[in-house]
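> A structural model of the following input is requested.
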Amino acid sequence: MAKRETTVGAVERASQILDYLYEQNAECSLSAIAQGLGLYKSTVHRLLTTLKGLGYVYQNPSTSHYGLGLRLFLLGSRVSQNTAMVELVKPIAQELVEQYNECIHITAPYPLGSEDSLPRQLLIGKIMNPHNVLTVAPPVGAVTLCHCSASGKCMLAFSPPSVLESRRHLPLPRQTESTITSWDQLERQLAAIRKEGYAEEDGETEEGLSCTAVPVFSGDKLIMVLSISGPTSRLRALDKGQLLSSLRQAKDRIEALLA
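Have a look, this model is predicted:
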């Protein structure tokens, strides 16, 4: 029995290492990984050696730093191809792209960490006009903070109250001059989002870019957020009522498909 618990614990710590490397979005030293996760260097080194042998991480021969390996890319590509939920939404999102010629994002809640980490979101789908010169960040698979984006605020607005209450002691990082860093101001916005059923954001994640988002539910549970993003000068020149009507119709169609 003790051996089984040790094996499960090792798997959990290996998963933590992979998550850490993913979130850092850069090669990391053994010391940085150990310190970031609060683990012994000897434990992290042993797990990294195993993960490296399996192809889940690689080690830069010049710096000895570690990064995510090709095997994860191959697994991720297969998941992307077979994610039924995204494939179900894509035709509806494509219609929005054709109507507005802007980028449509599909995001989902990222699993909550400890109460010492802010809520985040995972970008699971991105549909855009291939002829557009401007590419709206971030890429599919990116994990980003919720407080500074329209889609993330939708998730926060419809999360259980305990999610925010237990994290109110944490600072809200500033991404741009427009980022909300006050919990009181953020909670006022979230109350408005619950009332109106949509969220907007102008330049809070990246200067010059704006986003409008609507939540998508399965029953009473938020499962994804549908949003449209583009240059502020273009997006805010659109008829707001028409844009919201289009997003809400798309939301209703997706919810009907998922029912």
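
> okay, CA-based contacts and neighbour counts for the rest of this
Noted.

> For the longest helix anywhere in the chain, list the C-alpha coordinates in CSV.
The residue-count maximum for a helix in the chain (DSSP state H) belongs to helix 2-24. Extracted C-alpha coordinates of helix 2-24, given in CSV (Å, rounded to 0.1, in the frame of the first residue of the first chain):
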residue,chain,number,x,y,z
ALA,A,2,2.8,2.4,0.9
LYS,A,3,4.4,1.7,-2.5
ARG,A,4,1.2,2.6,-4.3
GLU,A,5,0.9,5.9,-2.5
THR,A,6,4.5,6.7,-3.3
THR,A,7,3.9,6.0,-7.0
VAL,A,8,0.8,8.2,-7.1
GLY,A,9,2.7,10.9,-5.4
ALA,A,10,5.5,10.7,-8.0
VAL,A,11,3.0,11.0,-10.8
GLU,A,12,1.5,14.1,-9.1
ARG,A,13,4.9,15.8,-8.7
ALA,A,14,5.8,14.9,-12.3
SER,A,15,2.5,16.6,-13.4
GLN,A,16,3.4,19.6,-11.3
ILE,A,17,6.7,19.9,-13.1
LEU,A,18,5.1,19.8,-16.5
ASP,A,19,2.5,22.4,-15.5
TYR,A,20,5.3,24.6,-14.1
LEU,A,21,7.3,24.5,-17.4
TYR,A,22,4.1,25.2,-19.4
GLU,A,23,3.2,28.2,-17.3
GLN,A,24,6.7,29.7,-17.4
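
> What average pLDDT does that helix get?
Averaging pLDDT along helix 2-24 gives 80.

> buried sites along that helix?
Residues 13, 14, 17, 18, 20, 21, 22 are the ones in helix 2-24 that count as buried (16 or more other Cα atoms under 10 Å).

> name the helices or strands packed onto that helix?
The contact analysis (3 or more Cα pairs under 8 Å, 6 or more residues apart in numbering; DSSP states H and E) places helix 2-24 against helix 30-37, helix 41-54, strand 66-68.

> From the contact counts, what lies against the last one?
Spelled out, that is strand 66-68. helix 2-24, strand 57-59.

> 6 Å instead, please
With contacts defined as 3 or more Cα pairs under 6 Å, 6 or more residues apart in numbering; DSSP states H and E, strand 66-68 has these neighbours: strand 57-59.

> ok, the strand it packs on: who's next to it in the sheet?
strand 66-68 (antiparallel) (DSSP bridges).

> can you list contacts of the partner strand?
27, 28, 57, 58, 59 (Cα atoms under 6 Å, 6 or more residues apart in numbering).

> rewinding a little: okay, the buried residues of helix 2-24 in JSON lines with distance to residue 102 next?
Formatted as JSON lines, the buried residues of helix 2-24 follow (distance: Cα to Cα, whole Å):
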{"residue": "13", "distance to residue 102": "41"}
{"residue": "14", "distance to residue 102": "39"}
{"residue": "17", "distance to residue 102": "36"}
{"residue": "18", "distance to residue 102": "33"}
{"residue": "20", "distance to residue 102": "32"}
{"residue": "21", "distance to residue 102": "31"}
{"residue": "22", "distance to residue 102": "28"}
